[in-house]
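K.L.:
Below: sequence and its predicted model.
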Amino acid sequence: MPARHDPKRVLLVTGLSGAGKSTALDTLEDLGWEVVDNMPLSLLNRLIATEPAAGADRERPLAIGLDSRTRGFSAERIVQAIKAMAAEADFAIETLYLDCGTPELVRRYSETRRRHPLAPDRPATDGIAEEREMMAPLKRWADHLIDTTEMDANLLKQQVRTRFGAGDEAPTLTVQSFGFARGLPRNADLVFDMRFLRNPHWERGLREKTGLDPDVAAYVAADEAYEPALTKIEELLLTLLPRYQAEGKSYVSIAFGCTGGRHRSVHVADRVARRLRAAGFSPTLDHRDLATPPRDGIERSAGAQDAGTSGQADDGFQGD
């Protein structure tokens, strides 16, 4: 018999069809749980005994979705299996039961135009009543009961995070610089336009450098609008990020753009990332267009005119 693999925690997620099991499992997966859904009941013991993949966390909590569609489903058998496993396990085995009122379940099935799995050719109310009776032993046994009748998906996610999260799951945070001339970055949640700052591209000694060079950074920071604007942006982000975390947002992408994506946006993204790290966040910093060569044509292009530039371009054009 193979050596038993003991996860830190096992949670069986079950309940009425349409009550939110998929949403709960998706949220647990976002919280770092290993998730398996609708596995045949006969394989339950084998799953728990299976060693995790090489390099995986051996104590990663495990969530298993079970409902009336599960092959070999029997609420009584599941309860007996839980009792047997709990008697010999060194880890917690818990059950989360998701309930919902019949009128709300009927509304959800009508809205999604799905058929109830136990009543494909009958009214949904028949399937709901049959399933409610079938699931009664699990509901009585459950350690955790969430009634989703008055909940939307976001509120259910919050409930699951509160009960089963570690309480400190911060979203994956990315701070990015980019050039508007090459298009907006995909999936950016917050975009800040830095083209109101004076443009180092038109300074002969700075053009070939980037926003990571100290003299370019000093040039950008000397703009009279720089410090008031950046201070307000940082204050805004420090207000928003904890709220995103509380709402369970998994990814937050903050993008700073300038014309070419080599000077102003690079310096500002670098500064903001350092400010966020000092505040306890862990952003990934990405300079999308840093490696692109400087081009006067891009800086002069229609819609890319910059305010507040100083000096005369060495090719005869004033400003950009």
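P.N.:
Received the coordinates, thanks. Numbering: from 1, shown residues only.

K.L.:
so S253, which of the three states?
P.N.:
Judged by DSSP: H, G, I helix; E, B strand; the rest coil, the three-state class of S253 is strand.

K.L.:
Start from the N-terminal end of this protein and give the helices.
P.N.:
Per DSSP state H, the chain carries helices over the ranges 21-30, 44-49, 75-88, 102-112, 124-141, 153-164, 214-221, 226-246, 264-278, 296-300.

K.L.:
So which of these has the densest surroundings on average?
P.N.:
helix 264-278 (a mean of 22; mean count of other C-beta atoms under 10 Å). Using the backbone N, CA and C atoms, a C-beta is placed for each residue, glycine as well.

K.L.:
now that one and helix 226-246, what's the angle there?
P.N.:
Orientation of helix 264-278 against helix 226-246 (axes from the mean of the first three to the mean of the last three C-alpha atoms, to 10 degrees) gives an angle of 50 degrees.

K.L.:
which residues touch helix 264-278?
P.N.:
173, 175-179, 192, 194-195, 197, 199-200, 210-212, 216-217, 220-221, 230, 233-234, 237-238, 241, 254, 256-258, 283, 285, 287, 290 (C-beta atoms under 8 Å, 6 or more residues apart in numbering).

K.L.:
again, only using 7 Å
P.N.:
175-178, 194, 197, 199, 210-212, 216-217, 220, 230, 233-234, 237, 256-258, 283, 285, 287, 290 (C-beta atoms under 7 Å, 6 or more residues apart in numbering).

K.L.:
Can you say which of the residues you listed are buried?
P.N.:
Taking 16 or more other C-beta atoms under 10 Å as the criterion, what is buried in these is 175-178, 194, 197, 199, 210-211, 216-217, 220, 230, 233, 237, 256-258, 283, 285, 287, 290.

K.L.:
rewinding a little: just put the helices of the chain in CSV and tack on distance to R60 and mean pLDDT.
P.N.:
Listed next are the helices of the chain as CSV, based on distance: least, C-beta to C-beta, whole Å; pLDDT from 0 to 100:
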stretch, distance to R60, mean pLDDT
helix 21-30, 11, 92
helix 44-49, 12, 67
helix 75-88, 18, 78
helix 102-112, 32, 90
helix 124-141, 24, 90
helix 153-164, 13, 84
helix 214-221, 42, 96
helix 226-246, 21, 94
helix 264-278, 27, 96
helix 296-300, 47, 64
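
K.L.:
Output those in JSON lines; the columns should cover distance to L206.
P.N.:
Output for those, formatted as JSON lines (distance: least, C-beta to C-beta, whole Å):
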{"stretch": "helix 21-30", "distance to L206": "43"}
{"stretch": "helix 44-49", "distance to L206": "60"}
{"stretch": "helix 75-88", "distance to L206": "67"}
{"stretch": "helix 102-112", "distance to L206": "57"}
{"stretch": "helix 124-141", "distance to L206": "68"}
{"stretch": "helix 153-164", "distance to L206": "47"}
{"stretch": "helix 214-221", "distance to L206": "5"}
{"stretch": "helix 226-246", "distance to L206": "15"}
{"stretch": "helix 264-278", "distance to L206": "11"}
{"stretch": "helix 296-300", "distance to L206": "12"}
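
K.L.:
Nearest to V36, out of the ones you listed?
P.N.:
Proximity to V36 (C-beta to C-beta) singles out helix 44-49 among these, at 6.4 Å.

K.L.:
ok, so what distance separates F73 from L11?
P.N.:
Applying C-beta to C-beta, to the nearest Å, the value for F73 to L11 is 18 Å.

K.L.:
now swap in P283 and tell me
P.N.:
Counting by C-beta to C-beta - P283 and L11 are separated by 31 Å.

K.L.:
Please name the residues that touch the most centrally placed residue in the chain.
P.N.:
Among the residues of the chain, the one closest to the centroid is S250, at 1.5 Å (C-alpha atoms, centre = their mean). S250 makes contact with 30, 171-172, according to C-beta under 7 Å, 6+ apart.

K.L.:
just W141 next, same as before
P.N.:
Contacts of W141 by C-beta under 7 Å, 6+ apart are 79, 95.

K.L.:
cool, I146 as well?
P.N.:
If you count contacts by C-beta under 7 Å, 6+ apart, then I146 has 96, 98, 159 around it.

K.L.:
Just the pLDDT for it.
P.N.:
Predicted confidence (pLDDT) for I146: 93.
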